[in-house]
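Visitor: Got a predicted model here, sequence first, then my questions.
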Amino acid sequence: MKINKLTEDIGWNFDNTYTLLPDVLMTKQNPIHVKYPKLELLNLDLAKELNLNFDDQEKTYLSSLFSGNVLPNGSNCISQAYAGHQFGHFTMLGDGRAVLLGEHLTNENKRFDIQFKGSGRTPYSRNGDGRAALGPMLREYLISEAMNGLNIPTTRSLAIVTTGEDIMREEISQAAILTRVASSHIRVGTFQYLATKNNIGALKDLVKYTFNRHYDHKTEISNIALSLLKGLIDKQISLVLNWMRVGFIHGVLNTDNVSLSGETIDYGPCGFLEHYDPNTVFSSIDNQGRYSFVNQEIICHWNVSRFAETLIPLLADDEKDAIDIGTKIINEFTDKFKSQWIVMMKNKIGLTNNYPEDEKLINKILSWMEKNKSDYTNTFRYLMDNNFSNEDIYKDESFLSLQNEWIRRIQKNKETGPKYVDIMKKNNPLIIPRNHIVEEAINNVCKNNDYSKFNDLLKVIKEPYEYINNTDYFQSPAPLNYTKNYKTYCGT
């Protein structure tokens, strides 16, 4: 294809530092060409943040660009190698259907990976076709934009193209390629891969590179590996607590889905809590509840423990000393998570100072929600605004008693900063991408090529904390039976 002269004006600015790491971490790999690329979605808001301008580009060119048929100047395409514990079982993995074009630098010198997901077979495909179905790519686009609107660290979605091909998953589906934007795609599984190879030199290089790319290195660091371990624990605790703040369930929190940047990555079998049940699972293959809502703390702890194991050779010269150092840091996780969980929940109910009974009150609210199967999002909004919902459940004597207890506690607040209502508004969204609405929007695209419902949902989730007229539909939970039976899939 002839390159349009206007492509020089898009603003790509690639600086591919990851490719300078040892070759064991990657394989040179271009996207596999497709016959009939068609641009379906382009995230102009994100493009603006990246200082990219697609305004004057023909749609045929953009279709070729975001399918990988045409590569931007400065890109250096690779597939990354990594491993992972998937449902507790260790597996050698790698980008089986993804290609990293390179690292784009914005005008503010912020660095972002630009990756194609669903771009064809790679050396890591393990007999897979390397393609992605349109439905799961639409889900990732939608949920990642929702997470960004919820102020939760996340990868983003820049574009989706269909390839004109059909692929077989649960059923015959259109193939699609998603352009994912991330601070990086370095995972716990990347370190596990090198640990398995027993390549200490490459491990040292990766530790130094990751720390310099994602962590504060303004002060002198005596042991970068130890600082990286502490930093990852802090980032992961903060991330998972943010998920729990809004009722998000990742669904497949394997070590290969734990990003060293602290961003949410991979939106496969994910969903949002509606009727509160801490044991809720949405993944079709999670039969044991490993990745349930309440277990996200335990799995986060387990994942960072696996990361600590990979760093043993770098934590101390003596192996026993290294294990002792790593164990001490890992053992601090539970207390850290618990104390920060209490802070997060106090923000959700607007408590601005400390009283011994605060945790008891939090648990009473959650117990009431579980017993009465109330909506996780709407209950917290109703606490601060009795006009928010007209559901009978909030008129029940048991709730009114609980609400009065909460009001008495709020009256003990010593307001030295934002008032409790402002704090609650900041921490409790009005809108989440409710599972039944997400499914309806995606199905309407896949079956009818109709983006109207998808775009309507996309619009409201970008401002989830703000009052918008006529949003009752987006605030209403699905029937209880729907939630009980709701399952999502990986899409591979």
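Guide: Yes, it's here. What you see is a predicted model; the values in this text were computed from it and never measured.

Visitor: chain center to the longest strand seen in the chain, what's the gap?
Guide: For the chain, the longest strand by residue count, based on DSSP state E, is strand 156-168. Its chain's C-alpha centre and that of strand 156-168 lie 20 Å apart, by C-alpha atoms, centre = their mean, to the nearest Å.

Visitor: what pairs with it, and is each one parallel or antiparallel?
Guide: Strands that pair with strand 156-168, judged by DSSP bridges, come out as strand 38-42 (antiparallel), strand 172-182 (antiparallel).

Visitor: Tell me the first helix or strand C-terminal of the shortest one.
Guide: Beyond strand 38-42 on the C-terminal side, the first helix or strand identified by DSSP states H and E is helix 44-49.

Visitor: tell me which strands and helices that following helix is in contact with?
Guide: Applying 3 or more C-beta pairs under 8 Å, 6 or more residues apart in numbering; DSSP states H and E, one finds that helix 44-49 contacts strand 156-168. Where C-beta positions appear, they are placed from N, C-alpha and C, glycine not excepted.

Visitor: Give the buried residues for the strand it packs on.
Guide: Arg156, Ser157, Leu158, Ala159, Ile160, Val161, Thr162, Thr163, Ile167 (16 or more other C-beta atoms under 10 Å).

Visitor: Can you tell me, leaving aside adjacent residues, what's nearest to the first one?
Guide: Spelled out, that is Arg156. Closest residue in space to Arg156, ignoring its immediate chain neighbours: Val181 at 4.4 Å, by C-beta to C-beta, 6 or more residues apart in numbering.

Visitor: Can you tell me how far the one you found is from Leu158?
Guide: Distance of Val181 to Leu158, given as C-beta to C-beta, to the nearest Å: 5 Å.

Visitor: Can you check which residues contact both of the two?
Guide: Leu46, Leu50, Ile114 (C-beta atoms under 8 Å, 6 or more residues apart in numbering).

Visitor: okay, these in TSV with neighbour count next?
Guide: Below are the shared contacts of Val181 and Leu158 laid out as TSV (neighbours: other C-beta atoms under 10 Å):
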residue	neighbour count
Leu46	19
Leu50	22
Ile114	21
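
Visitor: would CSV of the residues you listed with distance to Asn127 be doable?
Guide: Formatted as CSV, those follow (distance: C-beta to C-beta, whole Å):
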residue, distance to Asn127
Leu46, 34
Leu50, 35
Ile114, 27
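
Visitor: which one of these is nearest Asp450?
Guide: Closest approach to Asp450 among the shared contacts of Val181 and Leu158 (C-beta to C-beta): Leu46, at 23.3 Å.

Visitor: so the closest one touches Arg156, yeah?
Guide: Yes. Assessed by C-beta atoms under 8 Å, Leu46 is found in contact with Arg156 at 5.3 Å.

Visitor: Which residues are in contact with each of the two?
Guide: With C-beta under 8 Å, 6+ apart as the test, Leu46 and Arg156 both reach Val181.

Visitor: ok, back up a step: least confident of the strands paired with strand 156-168, on average?
Guide: Set side by side, those give their lowest mean pLDDT on strand 172-182, at a mean of 95.

Visitor: returning to what we had before: show the contacting residues for the residue nearest to Arg156.
Guide: Here Val181 is in contact with Leu46, Leu50, Phe112, Asp113, Ile114, Gln115, Thr155, Arg156, Ser157, Leu158 (criterion: C-beta under 8 Å, 6+ apart).

Visitor: let's see 6 Å
Guide: Phe112, Arg156, Leu158 (C-beta atoms under 6 Å, 6 or more residues apart in numbering).

Visitor: neighbouring contacts of the one helix or strand the first one maps to?
Guide: When you say that, I think you mean Phe112. Per DSSP H and E, Phe112 falls inside strand 111-117. Residues outside strand 111-117 that contact it (C-beta under 6 Å, 6+ apart) are 31, 68, 98-101, 103-105, 132, 177-178, 180-182, 184-185.

Visitor: Indicate each strand paired with the helix or strand that it is followed by and its parallel or antiparallel sense.
Guide: Sequence-wise, the next helix or strand downstream of strand 111-117 (DSSP H and E) is strand 132-133. Note on strand 132-133: by DSSP bridges, its sheet partners are strand 172-182 (antiparallel).

Visitor: Show me how the chain divides into domains.
Guide: 5-185, 219-334, 343-427 (automatic domain parsing).

Visitor: Which one of these lies nearest to Asp205?
Guide: Using C-beta to C-beta, the domains of the chain put domain 5-185 closest to Asp205, at 5.7 Å.

Visitor: Strands of the stretch 251-400 of the chain, residue ranges please.
Guide: 271-272 (DSSP state E, counting those that start in this stretch).

Visitor: Pass me the low-pLDDT residue ranges in it, would you?
Guide: For the stretch 251-400 of the chain, no stretch is flagged by pLDDT under 70.

Visitor: rewinding a little: quick one: closest of the domains of the chain to Glu463.
Guide: Closest among these, using C-beta to C-beta: domain 5-185, at 6.5 Å.

Visitor: Which single helix of this structure contains the most residues?
Guide: helix 224-246 (DSSP state H).

Visitor: Against which helices or strands is that helix packed?
Guide: Counting contacts by 3 or more C-beta pairs under 6 Å, 6 or more residues apart in numbering; DSSP states H and E, helix 224-246 packs against helix 200-214, helix 296-310, helix 312-315, helix 333-348.

Visitor: Which pLDDT value goes with Leu44?
Guide: 97.

Visitor: Please apply the same query to Asn107.
Guide: So Asn107 comes in at 96 (pLDDT).

Visitor: do the same with the one 10 residues further on
Guide: The predicted local distance difference test score for Lys117 is 97.

Visitor: again, but for the one 10 residues further on
Guide: In this prediction, Asn127 carries a pLDDT score of 84.

Visitor: That one and Leu100: what is the separation?
Guide: 22 Å.

Visitor: Ile200 too?
Guide: 25 Å.

Visitor: same thing with Asn198?
Guide: Distance from Asn198 to Leu100, by C-beta to C-beta: 25 Å.

Visitor: ok, now Lys395?
Guide: Counting by C-beta to C-beta - Lys395 and Leu100 are separated by 54 Å.

Visitor: Next: Ala81.
Guide: On the measure of C-beta to C-beta, Ala81 and Leu100 end up 11 Å apart.

Visitor: more crowded one of these two?
Guide: Neighbours per residue, other C-beta atoms under 10 Å: of Ala81 and Leu100, the larger number sits with Leu100, 26 against 22.

Visitor: Ile78 is in contact with that one, correct?
Guide: Yes. With contact defined as C-beta atoms under 6 Å, Leu100 reaches Ile78; the gap is 5.3 Å.
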